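J.: Kindly generate the corresponding structure for this input.
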Amino acid sequence: MKVAFIHDFHAVKIDNEYFSTGFSYDIWKRYLTTFNELVIVSRLKEEERKYDFRVSSGENVTFKPMEEYTSIFSFLINYKKIKTKMEEVIENTDGVIIRLPSILGFLAANICREKNKKYCVEVVGSAFDSFWYHGVVGKPLSFFLESKQKRAIKNSSVAIYVTGSYLQVKYPSLGNMYGKVSNASITKTNFDAKDIEYEQNKKNFKIGLVGSSFVKYKGHITALKTLRELLDQGYDIVLSLVGQGPSKYLENNIKKLGLQNNVEVLGMLHGREKMDEWYQNLDFYIQPSLTEGLCRSVMEAIENNIPTFATLVGGNPEIVSEEYLIRKHDYKRLVSLIERAIKDPNYARENIIKNNKKISEFQSSKIKNRRNKALSEYKNILKEVDII
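T.: Predicted coordinates for the structure are as follows:
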């Protein structure tokens, strides 16, 4: 059985082979355990060097990228051509798996409804939040795309959510709903509080944050204000940033707050091994985002036994204990939580223990079982359609 996987991620083409930063061939294996073939519909980038891209091409995977879609404007200009190509893919596959939010995904859902084709959705975030924080163009689009997302999910045959409840309540489906099928997972099978030893009497500290600085919803400004306040109180602290960047916006705010000597911008770190090494050199991890689905970096920081604080948004309450959550922009509260953890190692240790308990439902084996169950359900629905 052949299915299409549709999302707005960039496939990078080099010498007739495809690469990606977030969608390696290992991701496609998740679907190939249930289906025989995958056709990937995405955006496209042409590159001459491989950088740290991961191989996305592989056996039983075919790419049909929409090279005409480079921006919202180009999508509108080339809409008819893109729709024709999308229709061809959908007509020549047995099923369609759509990851949302995504512009290509919304189009695919429309076509599936027009052709009365059963489709499956993977819900990884909020359309409104994702586009609202994308500058002047994104704000008016966010209302329109939010309605598109609600309709696409409502009419799906199977809906798979990364969260346990947040996205399900926001975007219910008339089809079969499966939750806690996160893209991120933890690998350790058990946690023993006795193993936690938190260093006391430290003099200098490092705080970490993961997120592209080219978007304004990952909380970089809140993090910078938190750092400034802690420095003003006499603490020796460095903020370590991982993710795409630095953007001019980030650089300007670092200079504005006089933080040039206390912020390190590392850019992208590819691979879990490199990320784990980075986490383990932190004293605290913060995710002061304005929106989240279910945050991979929060889960990874907690799994590495780093005291973690986050904003009360999206799926964060499902993986961070309530007392370690702050409201959006509330850097004063974040300062007080970090300061308490600095002064009281037992409080920091308690953070690690409580947060590990929260993420226990996201063990990789549990997620794999839930995902396989959802995909098998969709496969059975497609078989019933063939019989009819």
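J.: chain center to the helix or strand bottoming out on mean pLDDT in the chain, what's the gap?
T.: Least confident helix or strand, the chain: helix 127-132 with a mean of 82, by mean pLDDT, DSSP states H and E. On the basis of C-alpha atoms, centre = their mean, to the nearest Å, helix 127-132 sits 13 Å off its chain's mean C-alpha point.
J.: Show me what that helix packs onto, helices and strands only.
T.: Under the contact criterion of 3 or more C-beta pairs under 8 Å, 6 or more residues apart in numbering; DSSP states H and E, helix 127-132 touches helix 135-154. Every residue, glycine included, has its C-beta placed from N, CA and C.
J.: for stretch 319-327, what is the average pLDDT?
T.: The average pLDDT within stretch 319-327 is 97.
J.: end to end, how far does that stretch reach?
T.: 16 Å (C-alpha to C-alpha, to the nearest Å).
J.: again, but for stretch 184-202
T.: End-to-end distance for stretch 184-202, by C-alpha to C-alpha: 32 Å.
J.: Which stretches in this protein count as helices?
T.: Using DSSP state H, the helices of the chain run over 25-32, 72-77, 79-91, 103-114, 127-132, 135-154, 166-170, 220-232, 248-256, 272-279, 296-303, 331-343, 345-359, 364-387.
J.: mean pLDDT for the ones you listed: which is lowest?
T.: helix 127-132 (a mean of 82).
J.: Name the residues that touch it?
T.: 100-101, 138-139, 141-143, 145-146, 148-149, 217, 290-291, 314 (C-beta atoms under 8 Å, 6 or more residues apart in numbering).
J.: and what of stretch 246-254?
T.: Ser213, Phe214, Lys216, His220, Ile221, Leu224, Leu241, Gln260, Val263, Val265.
J.: May I ask which two of these are separated the most?
T.: Lys216 and Gln260 (20.8 Å; C-beta to C-beta).
J.: Compare the two (neighbour count), which wins?
T.: Lys216 (18 against 9; other C-beta atoms under 10 Å).
J.: what about Thr93, distance to Leu325?
T.: Between Thr93 and Leu325 the computed distance is 42 Å (C-beta to C-beta, to the nearest Å).
J.: Can you list the buried residues in stretch 142-159?
T.: 142, 145-146, 148-150, 152-153, 155-159 (16 or more other C-beta atoms under 10 Å).
J.: Next, count neighbours for Glu88.
T.: Around Glu88 there are 11 other residues, counting by other C-beta under 10 Å.
J.: same deal with Gly219?
T.: Residues near Gly219, counting by other C-beta under 10 Å: 26.
J.: ditto for the one 3 residues further on
T.: Here the number of neighbours of Thr222 (other C-beta under 10 Å) works out to 22.
J.: Likewise for His7?
T.: Counted with other C-beta under 10 Å, residues neighbouring His7 total 23.
J.: Kindly report the same for Ile338.
T.: Per other C-beta under 10 Å, the neighbour tally for Ile338 reads 24.
J.: Same check on Gly314?
T.: 23.
J.: ok, now Ala108?
T.: Other residues within reach of Ala108, judged by other C-beta under 10 Å, total 29.
J.: What's opposite the nearest residue to it once chain neighbours are set aside in the beta bridge?
T.: Nearest-residue entry for Ala108: Ile6, 4.6 Å, with adjacent residues in sequence omitted and distances by C-beta to C-beta, 6 or more residues apart in numbering. With DSSP bridges applied, Ile6 shows beta-bridge pairing to Val41, Ile98.
J.: right, and Ile6 touches Pro101 too?
T.: No: when contacts are counted by C-beta atoms under 8 Å, Ile6 is not listed as touching Pro101 (12.0 Å).
J.: before we move on, back to that, quick check on the contacts of stretch 246-254: which are buried?
T.: Neighbour counting with 16+ other C-beta under 10 Å marks Ser213, Lys216, His220, Ile221, Leu224, Leu241, Val263, Val265 as buried within the contacts of stretch 246-254.
J.: give me every residue that touches the third one.
T.: The neighbourhood of His220, defined by C-beta under 8 Å, 6+ apart, consists of Leu209, Gly211, Ser213, Leu241, Leu250, Asn253.
J.: ok, back up a step: settle it for me: which of Ile6 and Pro101 has more neighbours?
T.: Between Ile6 and Pro101, counted using other C-beta under 10 Å, the more crowded position is Ile6 (31 against 26).
J.: Tell me how many other residues surround Leu257.
T.: Count around Leu257 with other C-beta under 10 Å applied: 17.
J.: Let me know the pLDDT of Val41.
T.: We have a pLDDT of 98 for Val41.
J.: Check the gap between it and Pro65 for me.
T.: Distance from Val41 to Pro65, by C-beta to C-beta: 7 Å.
J.: more neighbours, these two?
T.: Higher neighbour count among Val41 and Pro65: Val41, with 27 against 20, using other C-beta under 10 Å.
J.: Let me know whether the more buried one touches Thr62 as I believe.
T.: No: using C-beta under 8 Å, Val41 makes no contact with Thr62, being 10.0 Å away.
J.: State the distance from the closest residue to Pro288 other than its chain neighbours to Arg54.
T.: Nearest non-adjacent residue to Pro288, counting by C-beta to C-beta, 6+ apart: Gly219, 3.2 Å away. Per C-beta to C-beta, Gly219 is found 27 Å from Arg54.
J.: Kindly report the same for Asn305.
T.: 27 Å.
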